[in-house]
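Q: Sequence below, structure please.
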Amino acid sequence: MVTSRNARSTTLALATAVVALTAAALPFQASAAPSGSRAALPAVTAHAETPALHDDEAGGDADADDPAIWRDAADPERSLVVATAKQGGLRVYDLAAREVQSVPAPAAPGPGHAPGRFNNVDLVHGLRLSSGRADLAVTSDRGGDRLRFYRIDGSRASRPLTDVTDPAVPPVFSSSQDEIDEQRTAYGLATWTDKATGRSYALVSRRERTTVALLEIVPGAGGKVSYRKVRSLDLPADFRLPNGTSWSPCGEPGELPQVEGMMVDPANGMLYAGQEDVGIWRMRADLTGTPKLVDKVREYGVPGTYDEETEECVAGADPGYGGTRLTADVEGLTLLTEADGDGHLLASSQGDDTFAAYDRELSDDNEYEGGFRVSAASAALDGSEECDGAAALAAPLGRAYPRGLLVVQDGHDAPGEGERPSTNFKFVDLGEVLEAVDD
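A: Numbers count the residues shown, from 1 in each chain. Predicted coordinates:
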């Protein structure tokens, strides 16, 4: 999702629905005082960037959004980055950030209906299919309210992805094509394999709603892949503030505060979900138990009034109930793992172009451990602004990234081309990121 900051504030909603939880029941520890301005955070620079993606002249949406990193165990130098380009489908890049494959999104099912629109992507490793074990790229198709699956074969240098989606996969949230066309559909995505059972799952959020659904990924005949819904959970849409008032993030009437960025820590089976204008939630990946809000955005509790004429929210006085590390939106979440097994939950603070890192240990209650920004390496290689998605892999990836790789979306690739959005992905040495966070 690439919009202006003012426009982003309009995409989150006034609370108009009953939700399963109340904010009064949710524990929260206030963050420490901020360590300084954005400029005070350490900076890292990208080593490479992908070609820019643009909206085409016919109005097609081909913006960069969310990446995932696949490691070729036989030859790490042939590892790949799989990324979403919205209506542009998927792009596959090598470690030099060169495009090696473009996979189109599905066409509209008929006149007047929405075409495919890929939002987020994640990976499943070693899924047992009827055709043998396979690694899969899984993407949320917001346009069709479905998940789609692509088998990864690194030996096919120019076409490593093959679509293995069962043609009969059902909509995730909608009951009809008319409801799909309203586009309150599959949005954020994280995959998870339960160590106890070996079963693989996808956690999927719903656009303009607070719902997160758990789907079991199911192998089918002929090497195809489908899914079945296990359960869902609704996060709050309104919150009780310390002064006794109720608050909801401002947005267009009828929309609720959605979740997009999500990540599951495989060490403990905990899901982290970024509710964009609220903060970061932690909950069991099987969606049982009670979610906990582990950090808030700075704008939490700020009243706002939606202006129909300008289609923007007018903010009131800040009552001071928000956090100090994240500026809305909370976006791409990923895990930075270190060699000793320690690591950090990384979140994109989209509103101030920074990244915040939290301890992954539950005993430390996901304590904030530092932040950084991705700044320009040169006049030709800029940094990352308004980052939507991020992915990290802490494993050797050949000579270019011996300590691992962080890939982040850049919502304003420079130089841009006039009024056309210009977006891409930056490749950053993970070792440099860990050094910045640990400092």
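Q: show me where the stretch 301-439 of the chain has strands.
A: Along the stretch 301-439 of the chain, counting by DSSP state E, counting those that start in this stretch, strands occupy 304-307, 312-315, 330-337, 343-349, 354-359, 368-375, 390-393, 405-410, 422-429.
Q: Repeat that for the stretch 51-200 of the chain.
A: Along the stretch 51-200 of the chain, counting by DSSP E, counting those that start in this stretch, strands occupy 53-54, 67-70, 80-84, 90-93, 99-103, 118-129, 132-141, 146-152, 161-163, 186-193, 200-206.
Q: what's in contact with the first one?
A: When you say that, I think you mean strand 53-54. Applying CB atoms under 8 Å, 6 or more residues apart in numbering, the external contacts of strand 53-54 come out as Ala62, Asp63, Ala64, Ala85, Gly88, Arg91, Glu417, Arg420, Pro421, Ser422, Thr423, Asn424. Where C-beta positions appear, they are placed from N, C-alpha and C, glycine not excepted.
Q: same question, the last one
A: By CB under 8 Å, 6+ apart, the surrounding residues in contact with strand 200-206 are 122, 124, 127, 138, 140, 147, 172-173, 184-194, 211-217, 227, 230, 258-260, 262, 264, 271, 273, 285, 287.
Q: still on that earlier bit, can you say which of the strands of the stretch 301-439 of the chain is packed in most?
A: For the strands of the stretch 301-439 of the chain, the largest average neighbour count (mean count of other CB atoms under 10 Å) is found in strand 405-410, namely a mean of 28.
Q: on that earlier part again, from the contacts of strand 53-54, pick the one nearest Glu386.
A: Lowest distance from Glu386 to these (CB to CB) belongs to Thr423, with 9.1 Å.
Q: Look at the closest one and report its pLDDT.
A: As predicted, Thr423 sits at a pLDDT of 93.
Q: how near is the residue nearest to it when sequence neighbours are not counted to Asp410?
A: Excluding the flanking residues, the one nearest Thr423 by CB to CB, 6 or more residues apart in numbering is Ala64, at 4.0 Å. Distance of Ala64 to Asp410, computed by CB to CB, to the nearest Å: 7 Å.
Q: shared neighbours of these two, anything?
A: Thr423, Asn424, Phe425.
Q: Against which helices or strands is the helix or strand harbouring Asp295 packed?
A: Taking DSSP states H and E as the definition, one finds Asp295 inside strand 292-296. With contacts defined as 3 or more CB pairs under 8 Å, 6 or more residues apart in numbering; DSSP states H and E, strand 292-296 has these neighbours: strand 279-284, strand 354-359.
Q: In TSV, list those strands along with mean pLDDT and distance to Ala74.
A: Listed next are the helices and strands packed on strand 292-296 as TSV, based on pLDDT from 0 to 100; distance: least, CB to CB, whole Å:
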stretch	mean pLDDT	distance to Ala74
strand 279-284	98	35
strand 354-359	97	32
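Q: Could you dump these into CSV and include distance to Ser348?
A: Formatted as CSV, these follow (distance: least, CB to CB, whole Å):
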stretch, distance to Ser348
strand 279-284, 11
strand 354-359, 6
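Q: For Pro236, find the nearest of the ones you listed.
A: Using CB to CB, the helices and strands packed on strand 292-296 put strand 279-284 closest to Pro236, at 9.4 Å.
Q: now for that closest one, which elements pack on it?
A: Packing partners of strand 279-284 (3+ CB pairs under 8 Å, 6+ apart): strand 270-275, strand 292-296, strand 330-337.
Q: just so I know, which of those strands lies nearest Ala107?
A: Set against Ala107 and scored by CB to CB, those come closest in strand 330-337, at 28.0 Å.
Q: Mind listing residues that contact the closest one?
A: Residues outside strand 330-337 that contact it (CB under 8 Å, 6+ apart): 66, 190, 260-263, 265, 272-276, 278-280, 297, 343-350, 357, 360, 387-392, 394, 406, 408-409, 430, 433-434, 437.
Q: now stretch 431-439: mean pLDDT?
A: Rounded mean pLDDT across stretch 431-439 is 91.
Q: What mean pLDDT does stretch 116-134 get?
A: The pLDDT scores in stretch 116-134 average 95.
Q: need the contact list for Pro109.
A: Counting by CB under 8 Å, 6+ apart, Pro109 has contacts Gly144, Gln177.
Q: hmm, I was thinking of Thr185
A: Residues in contact with Thr185, defined by CB under 8 Å, 6+ apart, are Asp141, Arg142, Gly143, Gly144, Asp145, Pro171, Val172, Phe173, Ser174, Arg206, Arg207.
Q: Which residue, neighbours along the chain excluded, lies closest to it?
A: Residue nearest to Thr185 in three dimensions, not counting chain neighbours: Asp145, with 3.7 Å by CB to CB, 6+ apart.
Q: if I read this right, that neighbour contacts Ile180, doesn't it?
A: Yes: proximity of Asp145 to Ile180 meets the contact threshold set by CB atoms under 8 Å, at 4.7 Å.
Q: For the strands of the stretch 51-200 of the chain, give me JSON lines that also has distance to Gly251.
A: Below are these laid out as JSON lines (distance: least, CB to CB, whole Å):
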{"stretch": "strand 53-54", "distance to Gly251": "27"}
{"stretch": "strand 67-70", "distance to Gly251": "27"}
{"stretch": "strand 80-84", "distance to Gly251": "23"}
{"stretch": "strand 90-93", "distance to Gly251": "29"}
{"stretch": "strand 99-103", "distance to Gly251": "32"}
{"stretch": "strand 118-129", "distance to Gly251": "18"}
{"stretch": "strand 132-141", "distance to Gly251": "21"}
{"stretch": "strand 146-152", "distance to Gly251": "25"}
{"stretch": "strand 161-163", "distance to Gly251": "35"}
{"stretch": "strand 186-193", "distance to Gly251": "15"}
{"stretch": "strand 200-206", "distance to Gly251": "15"}
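Q: how about those, which one is nearest Phe372?
A: Closest to Phe372 of the strands of the stretch 51-200 of the chain is strand 67-70 (CB to CB; 17.8 Å).
Q: which strands and helices sit next to the closest one?
A: Strand 67-70 is packed against strand 80-84, strand 118-129, strand 132-141, strand 390-393, strand 405-410, with contacts defined by 3+ CB pairs under 8 Å, 6+ apart.
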